[in-house]
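Novice: return a 3D structure for these sequence lines:
(2 chains)
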Amino acid sequence: MNARTLLVAIVVLLIVIFSSAYTVSEIEQVFITQFGRPVGDPINANPAHNEAGLHFKVPFIQQVNRIEKRILEWNGPAVDIPTSDKLYISVDSFARWRIADPIVYYKGLHDEASALSRLNNIIGGETKNFIAAHNLIEVVRSQKNRKTVRDETLVDANSTIGVLPPIEFGRSKLEQDILAASQPKVAPWGIELLDVRFKRINYKAGVIEKIYSRMASERQQIAERFRSEGAGEAAKILGKKDRDLLEIQSGAYRKEQEIKGKADAEATGIYAQAYNSSPSAADFYQFVKTLETYQKSLAKDTTLILTSDSDLFRLFKHMGTPAKPESK
Amino acid sequence: MKPPIFHDIPAPGFPNLRIPAKLILLAPLALLLLITLFSGYFTVNPESVAVVQRFGKFKYIAEPGLHFKLPLGIDSTTTIPIKRQLQLEFGFGTPNATNPYQVGTEPQLERDMVTGDLNAAEVEWILQYSISDPQQYLFHVRNPGPTLRDLTESVMCEIIGDRTIDEVLTIGRAEIEKDCLEKLKTLLERFNMGIAAQQLQLNNVHPPGPVQRSFDEVNRAQQERETLINEANGEYNRIIPKAKGLAAQRVSSAEGFAVQRVNEAEGDVTRFKQLLIQYDKAPAITKQRLYLETMNEVLPKIGPKIILDEDAKQFLPLMNLQPAAASAPTPTR
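Specialist: The predicted model follows:
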C-alpha cells in the first residue's frame, strides 16, 4: 500500500523534525547536551550577538537546556551590622546579575535558587565587611562637596543646623567596593555581577531612640531660642517705648517751662518798668498790693485779733485826728 | 480495510452510525485548518502595542488594530500597554491598585530614611512611569517592575542621604524630586530597561512620630515670638502717639499761659498807671479811701474777730483759739 507507507514516512519525518528543531527565545540562552555531556558552544549566550530563532540539533540523543538570558535581580535579606562608629543599622541591598556562562552555571549551581543563595552569602558577607569598616556617615552620604540649602531662621538659633558631616569615601564608593570584592567570587559560578546598590538603610532599635532624643533636643533648643528672641525683642520695644515716652514728656516739660519762663520774665519786666517809674509809683504799688493781699488772704475761717491801737480801731479809744493810714 | 459483512447490514430501526473512512481523515485536517485560522490573527487595543516573535526571535512591533501572523505557535505575541501611565507608591499604598507592583510589601521600612545629618525622616513618594521601549522592556531585564521599585528606592535613599533634615522636610523638597528623577532616568537608560520615568513626587514627608512634637514646638515657638513682638509693638503704639499728643497739648497750653501772662501784666500795668495818675494828685486821701474800702470789704468776710486793748496783751497766751477756727489763725496787726 503506497499511500500507507507514505503516511508512515511523513509521520516519521515529522517526529524527526520535531525532535531536532527547537526555538530559542530572545530571553533565553541554550546549550545542547548529549547523554548529559555539553556539546558545542552555547547558543544566544553572547549579548552582542543575537541568535534567537529556529535551531536544529541531532534528534533523540541531544537535549536542549534553556537558561535565562535577561538581567536578573538579587534582592537578598537585609543585614544587621554595627558600623565602625558602633551604630547598629540594617542595610537592605540589591544587585543585578546575569548568567554569563550557562554551562558553568548549570554544572555548578543547576538552578536559580542555589545561585541566589550563593549571592546571599557572598554579597551579604562583603556588605557586612565594608560597612563594619566604615562610619555610618560614609554609608549614608554620597556627594562630598554638596552645598546644603539652609533655613536662615534656624541657622541663627543653632549654627550646626543644616551642616552635613564630611565624608571621605561615600556611599557609591562603598557600593563599588562591595561589587568589586564580590565579582571575582561569583565569576567561578558563571555569574556576572553587574551592580550592587543599597536600597534601604534603617536604624536598629536602640540606636533609633538615641537619634530621636538627639533630634528632639536639637529642636527644643531652637524653640527655646525663638521664645527667648521673642521676649528679647519685646523687651527692646518696650524699652524704646519707655525711653520715647520719657523723652516726649520731659521735652514737653522743658518747652513748657521755657515758654512760661520767658513769659514770666516779660511780665516781670513790664511790671518792674511800670512800678519803678517814680518813687510815688513804688509806694503806691506797695500799698495797693498789700490791700490786695488782705482781700485775697483773709477769709471766713480766719480769726482776727486786733489791738485797739491799730489804725482801724484807733478811734475805739481816742477820738482825734485820724492818723495817716498806713499798713505794713 | 474491509469491514465485516454484518456491519454492512444496518440493524432495523437504527440509522447507519458508521463514519466514512474519508471523514476520519478529513476531521483532523479540518480541525487543523480551524486552529490555523484562529491562531493566524490577533488584535491590539489602542493603548498597547504587540511584540511579535517568530520561533522566539523578535520580528516586529504591531501597532493597534487587526493583524495576521504565522499560525500554530510559529509567531507569538506579547501585548505591552505602552500608552498607560503606571504608578509606583512608596511608603504608603492606595488600595485596589491595578499594577501588581504599585504598592510595596514593607511600606513602613520604605518610609524610614536616614538623612545626611544622621537624623531620621519619614518620606512617602510616588513615581509615574510608562513603558517606552517594549522590546527592551520584555527582553532585557526580567521582572522590570520590582527592579524599578528597588532602583527608585535606592535612588531616593541616596538623595535623602545627602540632604539635611530641614531640606527633606521643608526647603529642599522640589530639589529632591528633581534630582531623584534625573538620577533615576540616568540609571534606567544605563540598564536599558525600556522604562521612562516621567514624574517623581514627594507625598507626605514628616519627622518620625516620637519627634514630631518637638518639630511642632519649633513652629509654635516661632509663632510665639511673633506674638510677643506684635504685642510689644501694640503697647508702643498704644502709648507713644498719645504721649506725643499730650506733649503737644502741654506746649500749647504753656504758650497760652505765656500770652495770658504778658497780657495780664500789660493790663495790670495799664490799670496801675491810670490809678497812679489820680493817686499822684492826692496821695494821702486816696490811700485812706482805698484802705477803708478794702477793710469794708474784707472784715465782714472774716470769722471770729477779737479786739484787744493794749493793756490786756497778756490775755492772748491764755486764750483758747482752737474752737474759733479749723485752720491756723492769721494774726494781723
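Novice: rest of the way, CA atoms for contacts and neighbours
Specialist: Fine.
Novice: just give me the longest helix of chain B.
Specialist: helix B:209-281 (DSSP state H).
Novice: that one packs against which elements?
Specialist: helix A:207-275, helix A:279-297 (3 or more C-alpha pairs under 8 Å, 6 or more residues apart in numbering or on different chains; DSSP states H and E).
Novice: show me what counts as buried in stretch A:168-179.
Specialist: A:169-172, A:174-175, A:177-179 (16 or more other C-alpha atoms under 10 Å in any protein chain shown).
Novice: also stretch B:205-212?
Specialist: B:205-208, B:211-212.
Novice: mean confidence score for it?
Specialist: Averaged over stretch B:205-212, pLDDT sits at 88.
Novice: what does the closest residue to residue A:68 other than its chain neighbours show for phi and psi?
Specialist: Leaving out its chain neighbours, the residue that sits closest to residue A:68 by C-alpha to C-alpha, 6 or more residues apart in numbering or on different chains is residue A:28, at 4.6 Å. Main-chain torsions, residue A:28, degrees, to the nearest 10: phi -130, psi 160.
Novice: quick one: residue A:28 and residue A:72, what's the gap?
Specialist: Plainly put, residue A:28 is 12 Å away from residue A:72 if you go by C-alpha to C-alpha, to the nearest Å.
Novice: need the CA coordinates for the host helix or strand of residue A:129. PDB is fine.
Specialist: Assessed by DSSP states H and E, residue A:129 sits inside helix A:112-132. Extracted in PDB, the C-alpha atoms of helix A:112-132 (Å, rounded to 0.1, in the frame of the first residue of the first chain):
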ATOM      1  CA  GLU A 112      18.400  29.800  40.300                       C
ATOM      2  CA  ALA A 113      17.600  29.100  43.900                       C
ATOM      3  CA  SER A 114      21.100  27.900  44.600                       C
ATOM      4  CA  ALA A 115      22.500  30.800  42.700                       C
ATOM      5  CA  LEU A 116      20.600  33.300  44.800                       C
ATOM      6  CA  SER A 117      21.700  31.600  48.000                       C
ATOM      7  CA  ARG A 118      25.300  31.900  46.900                       C
ATOM      8  CA  LEU A 119      24.700  35.500  46.100                       C
ATOM      9  CA  ASN A 120      23.200  36.000  49.600                       C
ATOM     10  CA  ASN A 121      26.300  34.600  51.200                       C
ATOM     11  CA  ILE A 122      28.800  36.500  49.000                       C
ATOM     12  CA  ILE A 123      27.200  39.900  48.700                       C
ATOM     13  CA  GLY A 124      25.800  39.800  52.200                       C
ATOM     14  CA  GLY A 125      29.300  38.900  53.600                       C
ATOM     15  CA  GLU A 126      31.000  41.700  51.600                       C
ATOM     16  CA  THR A 127      28.400  44.200  52.600                       C
ATOM     17  CA  LYS A 128      29.000  43.300  56.300                       C
ATOM     18  CA  ASN A 129      32.800  43.600  55.800                       C
ATOM     19  CA  PHE A 130      32.700  47.000  54.200                       C
ATOM     20  CA  ILE A 131      30.100  48.600  56.400                       C
ATOM     21  CA  ALA A 132      31.700  47.400  59.600                       C
END
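Novice: starting at the chain centroid, how far to it?
Specialist: Relative to the centre of its chain, helix A:112-132 is centred 35 Å away, using C-alpha atoms, centre = their mean, to the nearest Å.
Novice: equivalent analysis for stretch B:293-313, please.
Specialist: The answer for stretch B:293-313 is 91 Å, by C-alpha atoms, centre = their mean.
Novice: is that stretch in proximity to chain A?
Specialist: Yes. On the criterion C-alpha under 8 Å from any C-alpha of the partner chain, stretch B:293-313 is in touch with chain A at B:294, B:297-298, B:301-310.
Novice: which ones among these map onto helices?
Specialist: B:294, B:297-298.
Novice: would you format the residues you listed as CSV with pLDDT and neighbour count included?
Specialist: Below are these laid out as CSV (pLDDT from 0 to 100; neighbours: other C-alpha atoms under 10 Å in any protein chain shown):
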residue, pLDDT, neighbour count
B:294, 86, 16
B:297, 84, 13
B:298, 82, 18
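Novice: for whatever residue of the stretch 1-150 of chain B ends up closest to chain A, give me its contacts.
Specialist: Nearest to chain A, among the residues of the stretch 1-150 of chain B, is residue B:56, at 3.7 Å (C-alpha to the nearest C-alpha). Applying C-alpha atoms under 8 Å, 6 or more residues apart in numbering or on different chains to residue B:56 gives the contacts A:23-26, A:52-54, B:75-76.
Novice: before we move on, what about residue B:190?
Specialist: With contacts defined as C-alpha under 8 Å, 6+ apart, residue B:190 has no neighbours.
Novice: look up phi and psi at it.
Specialist: phi -60, psi -30.
Novice: quick one: mean pLDDT over the helix or strand harbouring residue B:60.
Specialist: In the assignment (DSSP H and E), residue B:60 maps to strand B:57-62. What strand B:57-62 shows for mean pLDDT is 83.
Novice: which residue is nearest the middle of chain B?
Specialist: Among the residues of chain B, the one closest to the centroid is residue B:170, at 9.4 Å (C-alpha atoms, centre = their mean).
Novice: which parts of the helix or strand hosting residue B:178 are buried?
Specialist: If you go by DSSP H and E, residue B:178 is part of helix B:173-190. By neighbour count on 16+ other C-alpha under 10 Å, the buried set for helix B:173-190 is B:173, B:176-177, B:180-182, B:184-185, B:187-188.
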